[in-house]
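> Task: produce atomic coordinates for the following.
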Amino acid sequence: MTPKAVRSLLLTSTLLFSLGAPAQQPAATPKPAQHHLINGYEPMWWKEAVVYQVYPRSFQDSNGDGIGDLKGITSRLDYLHKLGVNVIWLSPHYDSPNADNGYDIRDYRKVMAEFGTMDDFDRLLAGIKQRQMRLIVDLVVNHTSDEHHWFVESRSSRNNPYRDYYFWRDGSPNPADPDHPLSPNNYPSYFSGSAWQFDPPTKQFYLHLFAVKQPDLNWDNPRVREDVFSLMRFWLDKGVDGFRMDVIPLISKQPGLPDLTPDQLKDPSRLWANGPHRDEYLQQMNREVLSKYDVMTVGEAIGISLTETPQIVNSERHELNEIFNFDAVRVNRDGKRYIPWTLPQFKAFYARHAEILGKQDWDTVFLSNHDNPRLVSSFGDDSEQFRVPSAKLLETLILTMRGTPYIYQGDELGMTNYPFKSMNEFNDIEAHNGHKDEVLTRHAVTEEAYIENLRHMGRDNARTPMQWDASPNAGFTTGPKPWLAVNPNYKTVNAAQEVADPDSVYNYTARLIALRARTPALIYGDYKDLDPQHPHIFVYLRTLDKDKYLVIHNFSSQPTDYTLPDGLTAGKILMDNYGGHESATGTLHLKGWESRIYRQ
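Numbers count the residues shown, from 1 in each chain. Okay, the predicted model is just below:
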């Protein structure tokens, strides 16, 4: 297929995408007919999309209670539409007691009271559709809240019909104290401590791989699967366009739940994510629900290696469209500890993705989300001098790589990590449980060292309220106090200032999104790293037939004169995060954190 034909096909696809989906979809919307391939890929709207994640608690408060809500999101849709994103990923909005900020769901068919009502959700969805955008919502079905009616019934007696909706086990004998049995096995919780909780009413333990208030569902029970499929249909029939699936590989547990070996305890996710029925259950979900709608699905692929990724996303397997692989985003950590990283390490992940993922697979590109610290503080330079250019560089990287790009709220402004000083400034259950375990119980680290690490890696860095303007509380709330403190730099880093500034991170990102939308090579083109071992320069080609684009980033604050390898000459410059115009040369004079895109 010629480049002109590809552009025509992509334009048609983009037009169809822009038309959006109706607010109300029938229960069985057939998938569209197959298209002509582009570079071996089947074009799909979710491959061409740019996804923007909204964390509702922190986006916009509409009623002054200090908590973001659905009406607040609706009031900011024009801001997102102007940015150019075309899919919104809404983090959990369901009824929840908030042990884990909404990832402990009490009622899947009800909106959290703090966020509003179902009418508010319907108005939000209608507003998204009116702006030719789409909406995907979180699907959290590895576990529920312990206040969900399934679990309330399940824990009430050993013979309750819902007992087998969860994992219940007798404890192990405790010779030292026979009245207090030990946990059934040595599973650790992701949030510290044992993954088992003794429940006095029935004198058994239940499994919770996450918080105590998040008991794991037993997917081996077919009634559980059907109830999950039913709630999925509920939201799809409302008109949502798919799901981001929380820790979805964990749904198939190991038969008998045996103890982990010492090697398995080093990374339990590897075992937990590869249960014997994982693919069977995902294929059943696809066959009975997803295949009947034109939707996108992306799984949080905890415990899944890159080489295992095609097993879930290969289109011939009929499971999920995409998964999040965390190799790149976690290059700067060892477990939950911050560690130094190098650019060659970082680049190697993208090279391996291009090598391992084939034409039947599709990738995701992201470096931040609600579970990770701020983009520019993690991978850029959040100093006053380089915050803006490095934030622009990172957006350039995300929007010119292979796969569907994901932008986390505030990254389009260059928002930074919060300057935490004490534990009482943190909200995150993971941070507090870790503090209790590592500092107060085991004395493994000092208080100061633990907080210093959280300044780099803590999840609350991403959860501070959106910085809308320079008014009190950054325009996030009219109330006296937001649920989590606003970053003190909001008077200089905020949306009002950036929307009005043509050279801001926001407007630069909008231009990048528009460039990607009209450039098939940046979506379906091949990828080649031209200098994988250079310690500061990341330079690569995206190629589709005769269309070729050169992208170069200086991951350093130091100016660099860089000669392109293999006698290459830079072509026509399309974008430069400093506004430069250097073209038609083999040696590029790059400023600190400069990023450029050339058409060759």
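> residues in contact with stretch 177-189?
169-174, 194-196, 198, 205, 207-211, 257-260, 265, 268 (C-beta atoms under 8 Å, 6 or more residues apart in numbering). Every C-beta, even on glycine, is put in place using the N, C-alpha and C of the backbone.
> Distance across it, terminal residue to terminal residue?
With C-alpha to C-alpha, to the nearest Å as the measure, stretch 177-189 spans 23 Å from end to end.
> what does stretch 202-218 give?
18 Å.
> distance between that stretch and the chain's centre?
From the chain centre to the centre of stretch 202-218 is a distance of 25 Å (C-alpha atoms, centre = their mean, to the nearest Å).
> pLDDT of that stretch, averaged?
Stretch 202-218 shows a mean pLDDT of 98.
> For it, which residues meet the burial criterion?
By 16 or more other C-beta atoms under 10 Å, the buried positions in stretch 202-218 come out as 202, 204-218.
> do stretch 143-161 as well
Within stretch 143-161, the residues that count as buried by 16+ other C-beta under 10 Å are 143-148, 150-151, 154-155.
> Tell me which of these fall in helices.
Within the buried residues of stretch 143-161, residues falling in helices by DSSP state H are 150-151, 154.
> where does the one residue sitting closest to the centre of the chain land in three-state SS?
Nearest residue to the geometric centre of the chain (C-alpha atoms, centre = their mean): N369, 4.7 Å. Assigned with DSSP: H, G, I helix; E, B strand; the rest coil, N369 falls in the coil class.
> Assumed L231 was part of a helix.
Yes: counting by three-state DSSP, L231 is found in a helix.
> which ones are touching it?
With C-beta under 8 Å, 6+ apart, L231 has these contacts: 108-109, 141.
> What is the least confident helix or strand in this structure?
For the chain, using mean pLDDT, DSSP states H and E, the weakest element among its helices and strands is helix 3-18, scoring a mean of 50.
> So which elements touch the helix or strand following that helix?
The first helix or strand that comes after helix 3-18 along the chain, using DSSP states H and E, is helix 45-48. On a contact count with 3 or more C-beta pairs under 8 Å, 6 or more residues apart in numbering; DSSP states H and E, helix 45-48 meets helix 3-18, helix 521-524.
> And for the last one, what's in contact with it?
If you take C-beta under 8 Å, 6+ apart as the criterion, helix 521-524 is touched by 6, 10, 38-39, 41, 43, 47-48, 399-400, 515-516, 542-544, 547-549.
> what's the pLDDT at D334?
Note on D334: pLDDT of 87.
> A27 now?
45.
> related to what we said a few turns ago, which one of the buried residues of stretch 202-218 is nearest Y406?
For the buried residues of stretch 202-218, the closest approach to Y406 (C-beta to C-beta) belongs to F210, at 22.3 Å.
> Can you tell me the element Y52 falls in?
If you go by DSSP H and E, Y52 is part of strand 51-54.
> Kindly export that strand (C-alpha atoms) in PDB.
This file holds the C-alpha atoms of strand 51-54, laid out as PDB (Å, rounded to 0.1, in the frame of the first residue of the first chain):
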ATOM      1  CA  VAL A  51      -5.600   8.100  26.000                       C
ATOM      2  CA  TYR A  52      -5.900  10.500  28.900                       C
ATOM      3  CA  GLN A  53      -6.200   9.100  32.400                       C
ATOM      4  CA  VAL A  54      -8.500  10.900  34.800                       C
END
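> that older thread, and which of the contacts of L231 is nearest L375?
Checking the contacts of L231 one by one against L375 (C-beta to C-beta), the nearest turns out to be V141, at 28.3 Å.
> so who does that closest one touch?
Shown in contact with V141 (C-beta under 8 Å, 6+ apart): 217, 228, 231, 245-246, 248, 251.
> make it 6 Å
Residues in contact with V141, defined by C-beta atoms under 6 Å, 6 or more residues apart in numbering, are V228.
> which SS class is it?
Classified using three-state DSSP, V141 is coil.
> Contacts only, for the nearest residue to I552 once chain neighbours are set aside.
Of all residues beyond its chain neighbours, the one nearest I552 is V539 (4.3 Å), with distances taken as C-beta to C-beta, 6 or more residues apart in numbering. Residues near V539 by C-beta under 6 Å, 6+ apart: 530-531, 552.
> Which SSE is immediately downstream of the strand or helix carrying V539?
Under the criterion of DSSP H and E, V539 resides in strand 537-544. Downstream of strand 537-544, the next assigned helix or strand under DSSP H and E is strand 547-554.
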